[in-house]
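Peer 1: sharing a sequence plus its predicted fold:
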Amino acid sequence: MATLKHIGILAHPLRPKTAPVAELIAQQLQARGIDTWVSTRWTEDDVQAAVEQSDLVVAIGGDGAMLRAARVCAPYQVPVLGVNMGQLGFLTEIDDPQNCDSHFDRLLSGDYWIESRMMVQAQVMRDGEVEACADALNDVVVSRRLVTSTIRLEMYIDRDWATTYNGDALIIATPTGSTAYALASGGPILPPELRNILVVPVAPHLSMDRPIVLAEGALVDVIPVPNGHADVVVSVDGRLLWDLQERDRVSVQASENISRFLRMRGKNYFYRSLLDRLEPRIPVPSHPTWNDRKL
């Protein structure tokens, strides 16, 4: 195992409650002789230089925080350790932010393993030029901006036309993203160690309604078909990347970058973690009967 000497801590920039936890973690690591840096309000560009010099980054928040940290760390092959302060925390490793101290003894003794996860790269092409480019750990989504109309999307696999979708959106996901928006849209669950590209249509109407699992080396192109009234956008891991014009092309393929997560649970953790979260999580209302409600 690599020696961990320089560790960064990223609080969630939009969740102030994560900042004190970040400072506490820094103190706990410093007490063990670890050089640390902390960033509480940051963008991906802000922390690149610090990340490049780090052996590990601790991300505090939920899955959104993990996605942000993974994107900034992947180009430098820096693993991410997640501390959950979100609602789901499917990608995080430590569930109790107040109990991090006990995990750090294991961490510094080398009692951990590194999990690698595939990413995809999205490029927006207009008139033969690259207009936008970004990596995604979860998914690339081509969708309508307004909810009042459907969109038509031509899909090509390895430059050959495959089908034309008519619906709300098209999700192009990694195995990590197969348990996110793609799962909610009827896609299959792919274990994180796979290196496949998943294509899932959202609410398709009179068009192909089955998910497609492609090989790692596949190239997926999506071209909006002009229909005169639907604005189309492309998003990467939930962030708006670009507003598409007619005949723009979104190209998605496996990225050269790989996300790395530090794990201390057993290597079969994925299925137990997933199934625990698929069970009902909705709390019983404080007034469970209609007659108890005050209208």
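Peer 2: Done, it's in. The shown structure was predicted, so the numbers you read here are calculated from the model rather than taken from an experiment.
Peer 1: roughly how far apart are Ser273 and Glu279?
Peer 2: As defined by CB to CB, to the nearest Å, Ser273 lies at a distance of 12 Å from Glu279. (C-beta placed from N, C-alpha, C; glycine too.)
Peer 1: the more surrounded of these two?
Peer 2: Higher neighbour count among Ser273 and Glu279: Ser273, with 17 against 6, using other CB atoms under 10 Å.
Peer 1: counting neighbours, what do you get for Ala11?
Peer 2: 27.
Peer 1: got a list of what it touches?
Peer 2: Ala11 makes contacts with Thr18, Ala19, Val21, Ala22, Val38, Ser39, Thr40, Arg41, Ile60, Gly61, as judged by CB atoms under 8 Å, 6 or more residues apart in numbering.
Peer 1: show me this structure divided up by domain.
Peer 2: 6-111, 119-256 (automatic domain parsing).
Peer 1: of these, give the one that comes closest to Arg265.
Peer 2: domain 6-111 (7.0 Å; CB to CB).
Peer 1: quick one: the closest one to chain centroid distance?
Peer 2: With CA atoms, centre = their mean, to the nearest Å as the basis, domain 6-111 stands 16 Å off its chain's centre.
Peer 1: straight-line length of that domain, end to end?
Peer 2: 17 Å (CA to CA, to the nearest Å).
Peer 1: likewise stretch 130-145?
Peer 2: The first-to-last residue distance of stretch 130-145 comes to 22 Å (CA to CA).
Peer 1: packing partners for the biggest helix by length in the chain?
Peer 2: If you go by DSSP state H, the chain has its longest helix at helix 18-30. On a contact count with 3 or more CB pairs under 8 Å, 6 or more residues apart in numbering; DSSP states H and E, helix 18-30 meets strand 6-10, strand 35-39, strand 56-61, helix 100-108.
Peer 1: rebuild the domains of the chain as TSV, extending it with distance to Lys267 and mean pLDDT.
Peer 2: Listed next are those as TSV, based on distance: least, CB to CB, whole Å; pLDDT from 0 to 100:
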stretch	distance to Lys267	mean pLDDT
domain 6-111	13	92
domain 119-256	9	94
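Peer 1: a markdown table please, covering those domains and showing distance to Arg265.
Peer 2: Output for the domains of the chain, formatted as a markdown table (distance: least, CB to CB, whole Å):
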| stretch | distance to Arg265 |
| --- | --- |
| domain 6-111 | 7 |
| domain 119-256 | 13 |
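Peer 1: which of those domains sits closest to Tyr269?
Peer 2: Judging these by CB to CB, what sits closest to Tyr269 is domain 6-111, at 8.9 Å.
Peer 1: what's the closest non-adjacent residue to the residue nearest the centre of the chain?
Peer 2: Most central in the chain under CA atoms, centre = their mean is Asn138, positioned 3.7 Å from the mean C-alpha point. Nearest non-adjacent residue to Asn138, counting by CB to CB, 6 or more residues apart in numbering: Gly177, 3.7 Å away.
Peer 1: doesn't the one you found belong to a helix?
Peer 2: Yes. Assigned with DSSP: H, G, I helix; E, B strand; the rest coil, Gly177 falls within a helix.
Peer 1: circling back: which of the residues in the longest helix of the chain are buried?
Peer 2: For helix 18-30, a neighbour-count test (16 or more other CB atoms under 10 Å) marks Thr18, Ala19, Val21, Ala22, Ile25, Ala26, Gln28, Leu29 as buried.
Peer 1: could you do stretch 226-239 as well?
Peer 2: Ala230, Val232, Val233, Val234, Ser235, Val236, Asp237.
Peer 1: residue contacts, the third one?
Peer 2: By CB under 8 Å, 6+ apart, the residues touching Val233 are Val142, Ser143, Arg144, Arg145, Leu240, Leu241, Trp242, Asp243, Leu244.
Peer 1: farthest pair in the residues you listed?
Peer 2: The most distant members of the contacts of Val233, if one measures by CB to CB, are Arg144 and Leu241, lying 15.0 Å apart.
Peer 1: Glu193: neighbour count?
Peer 2: Considering only other CB under 10 Å, Glu193 is surrounded by 12 other residues.
Peer 1: how about the one 4 residues further on?
Peer 2: Other residues within reach of Ile197 by the criterion other CB under 10 Å amount to 26.
Peer 1: return the residues in contact with it.
Peer 2: By CB under 8 Å, 6+ apart, the neighbours of Ile197 are 120, 172-174, 213-216, 218, 220, 252-254.
Peer 1: ramachandran coordinates for it?
Peer 2: phi -110, psi 130 (degrees, to the nearest 10).
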